[in-house]
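Trainee: Generate coordinates for the sequence data below:
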Amino acid sequence: MSNKIKSYLFALTAVIFFASSFPFSRFALVYFSPEALGFLRCSLASIVLLIIGRFNNLRSPFKLKHIGLFFISGALGFGLYLIVFNMGLKTITAATSSILIATTPIMTAAAASILYGEKISRIGIFSIFCAFCGVLIIILWKGILSINIGIVWTVIAAVFFCGYNILSRKLGKMGYTSIEIVTYSMIAAAIILSPFSIDAYKQIINAELKYIGSFIYLGIFTSALGYFCFNKGIEIAEMTSDVTNFLFVNPLVASLLGYVALGETLNAGTIIGGAVIIASIVLFSLKGAKK
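Mentor: The predicted structure follows:
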């Protein structure tokens, strides 16, 4: 089997895991609080990533001061992110959440342009504007006086993850591998969320088996194995885009899983706004970089 086929398989597996996090999180939040679920998910994922890292040349942080960067990265990418992400899923569908989170790559590109001077073409700027309009369509579809707070929390989550992506680039330039960045950020996130460990313990000892199973799936598959497969796919791919392009189908898979598993349906605002966002992301991926 060629490396290209292997990278496709890793990417497809990762996207399925990532997409399933939306309906599984929404289901788990029927019982767990957003903070407790975030702590349980990060703690379990940290253990699994450390085990994976043991067989993938996981190195210790190079300098003591780098640990602070991992704590910031962990807060933005997993700690604070999962709290607001979970709070958003309490009141919006998995499909709507996945579409809004899909704006993160475009947010990251815009931030990288400002912070790192990475050039964006005019078409790229137009794509960013269109994606922003798509978000506004979803937020304001029922009128400005009836904004769903869950949508606001999810947009904040996307902004947090954008910050994680920017900091990950910095850590990557400092010599850290992607598995090291994810592992140490996840451990830092578990420590940040540790004040909620008592609540998590109280909730899990009284939880039904189906809710325990959902958090185990979230910790092992959507967090640990999802990131590992995604990073592994990029590592062996001929081009990074061979793997990252699979992320375009993330909202579609999440929507289908939400419909099948939770019986969710989409309103017109989500369909129209989501179509605008996804088209903007595809256009940006193809024409966003300035030659």
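
Trainee: contacting residues around the nearest residue to residue 216 once chain neighbours are set aside?
Mentor: Spatial nearest neighbour of residue 216, excluding adjacent residues (Cβ to Cβ, 6 or more residues apart in numbering): residue 44 at 6.7 Å. Where C-beta positions appear, they are placed from N, C-alpha and C, glycine not excepted. For residue 44, the contact set (Cβ atoms under 8 Å, 6 or more residues apart in numbering) comprises 215-216, 219-220, 223-224.

Trainee: list the buried ones in the helix or strand harbouring residue 44?
Mentor: Taking DSSP states H and E as the criterion, residue 44 maps to helix 34-54. Judged by neighbour count (16 or more other Cβ atoms under 10 Å), helix 34-54 contains these buried residues: 34-49, 52-53.

Trainee: Show me the contact partners of stretch 222-234.
Mentor: Counting by Cβ under 8 Å, 6+ apart, 6-11, 13-14, 17-18, 20-21, 24, 41-42, 44-45, 48-49, 52, 78, 178-179, 182, 186, 240, 242-244 sit against stretch 222-234.

Trainee: What subset of those is buried?
Mentor: Buried subset of these (neighbour count, 16+ other Cβ under 10 Å): 7-8, 10-11, 13-14, 17-18, 20-21, 24, 41-42, 44-45, 48-49, 52, 78, 178-179, 182, 186, 242-244.

Trainee: Among these, name the ones in helices.
Mentor: Among the buried ones among the contacts of stretch 222-234, the ones falling in helices (DSSP state H) are 7-8, 10-11, 13-14, 17-18, 20-21, 24, 41-42, 44-45, 48-49, 52, 178-179, 182, 186, 242-244.

Trainee: rewinding a little: which is the succeeding secondary structure element to the helix holding residue 44?
Mentor: Counting by DSSP H and E, the next helix or strand C-terminal to helix 34-54 is helix 66-74.

Trainee: And the buried ones among the contacts of residue 44, selectable in PyMOL?
Mentor: Buried residues among the contacts of residue 44 (16+ other Cβ under 10 Å), as a PyMOL selection:
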select buried, resi 215+219+220+223+224
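
Trainee: Go through the contacts of residue 44 and say which is closest to residue 136.
Mentor: residue 223 (30.4 Å; Cβ to Cβ).

Trainee: I'd like the distance between the closest one and residue 189.
Mentor: In this view, residue 223 and residue 189 are 10 Å apart by Cβ to Cβ, to the nearest Å.

Trainee: Likewise for residue 46?
Mentor: Relative to residue 189, residue 46 is positioned 8 Å away (Cβ to Cβ).

Trainee: In the sheet, which residues pair with the closest residue to residue 113 other than its chain neighbours? Tell me.
Mentor: The shortest distance from residue 113 to any residue other than its chain neighbours is 5.0 Å, reached at residue 120 (Cβ to Cβ, 6+ apart). Residue 120 has the following beta-bridge partners by DSSP bridges: residue 289.

Trainee: thought residue 120 was touching residue 109?
Mentor: Yes - Residue 120 is within contact range of residue 109, at 6.4 Å (criterion: Cβ atoms under 8 Å).

Trainee: Quick check: what element follows the helix or strand of the chain with the lowest mean pLDDT along the chain?
Mentor: Every helix and strand in the chain was compared by mean pLDDT, DSSP states H and E; the lowest is helix 241-244, with a mean of 64. For helix 241-244, the following helix or strand on the C-terminal side (DSSP H and E) is helix 250-262.
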